[in-house]
Structure formats: C-alpha cells, structure tokens
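# based on what follows, work out the 3D shape:
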Amino acid sequence: MRGAVHLLLVVCAAVANGSGGETAALDFSVDGGGGERVRTATVTVDPRWRFPSSQLRDAYVALQTWKQEAIFSDPKNLTADWVGPEVCNYTGVFCAPLPWDRQVLVVAGVDLNHGDIAGYLPPELGLLADLALRHLNSNHLCGVLPAMLHRFQLRCLR
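Numbering: from 1, shown residues only. Just a heads-up that it's a prediction; the model follows:
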C-alpha cells in the first residue's frame, strides 16, 4: 500500500506541475508505526482564482487534499461538488465570518454526517484552523487522528 500511495503522490505532483497552476505543497510527518517519515501532498491552485481570505485558500487546499487523497469511497457523492475555489458552496461545508473580524470569512464547520464515506482524516485538515464544528459520524474513517487536528478549538464535536 505504501508503494501505491507514493506512486499516487508522484502522479498527482506530475499532473499538477504540468497544469500551469500554482502548486501548494505541504510537508508533514506521519507516524506509520515504524518511525516518522515526511509526506508531501500536492494540490493545484489555479493562479486566476481569487480567494476572499488566506483562510479560504487554506481550506481549499485542505478539502481538496482530503477529497483527492484520503477519501476512498463516497457512495452518496457528498464531495461531488467540491470543485473550484468556492469552498463555502461545497456540500457539508459551512462558512462564517470571524467573530473578531467580520470582514474575514472562514470555514467554520464540516458536516458530512451519515455520508457513508470511507477513508481517513489527513493532516492537511489542520489548515482548517477556525473550524468550530466537525460532524462526521456514520462514516467509515480509520487511522490515527492527525496531531494537527488536536489544536482545534472545537465548540461542538459529534
């Protein structure tokens, strides 16, 4: 499986680099049971896209990485409309202004309850720094909760 994941990442990187878009590459440590290793996830961000805030650009990278690399099955097609830069219009994604700066819109919640989604939670979800609600029960998510997710200041966890 590790070889398949590595091959997938290499293919994604090659496609992303050839598309003319900006490439967002993230390096992070993953504990695979035999020590830590560094993995690079690559998501292409079209340079023509304008995000209202850096938080929404980070949300795009986080959600696209989750969809493209960590969701193995989405039988209800909840992530089918996770296309393009308008992350606030994605199914199950909710945006709100920051309480201390009403001009800045951020992803405040992800609700994919009863989605029957299979996969894992990638470390890139830590880029959703302002996430206040995460409702993911009745899915088939496996693996270790990424360390980056422990820093969330959740107000509601179901």
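# need the pLDDT of the residue nearest to E124 when sequence neighbours are not counted.
Distances taken as Cβ to Cβ, 6 or more residues apart in numbering put T65 closest to E124, at 4.2 Å, once the chain neighbours are dropped. To be clear about C-beta, it is placed using only N, CA and C from the backbone, and glycine gets the same treatment. What the model reports as pLDDT for T65 is 96.
# tell me the secondary structure for T65?
helix (DSSP: H, G, I helix; E, B strand; the rest coil).
# I figured it hits V43, correct?
Yes: using Cβ atoms under 8 Å, T65 is in contact with V43, at 5.4 Å.
# any chance you could map the strands in this structure?
22-31, 36-45, 71-73, 93-98, 101-111, 118-119, 133-135, 140-141, 156-157 (DSSP state E).
# so where's the protein shaky on pLDDT?
Where the chain drops to pLDDT under 70, the residues are 1-41, 148-158.
# switch to 90 and redo it
Low-confidence segments of the chain (pLDDT under 90): 1-44, 126, 132-134, 143-158.
# which residue is the nearest non-sequential neighbour of A147?
P123 (7.3 Å).
# what of A70?
P122 (4.3 Å).
# neighbours of that neighbour, how many?
Around P122 there are 25 other residues, counting by other Cβ atoms under 10 Å.
# same deal with N139?
19.
# distance of it from L105?
Distance from N139 to L105, counting by Cβ to Cβ, to the nearest Å: 26 Å.
# same question for N77.
26 Å.
# neighbour count winner among the two?
The residue with more neighbours, out of N77 and L105, is L105; 20 against 9, by other Cβ under 10 Å.
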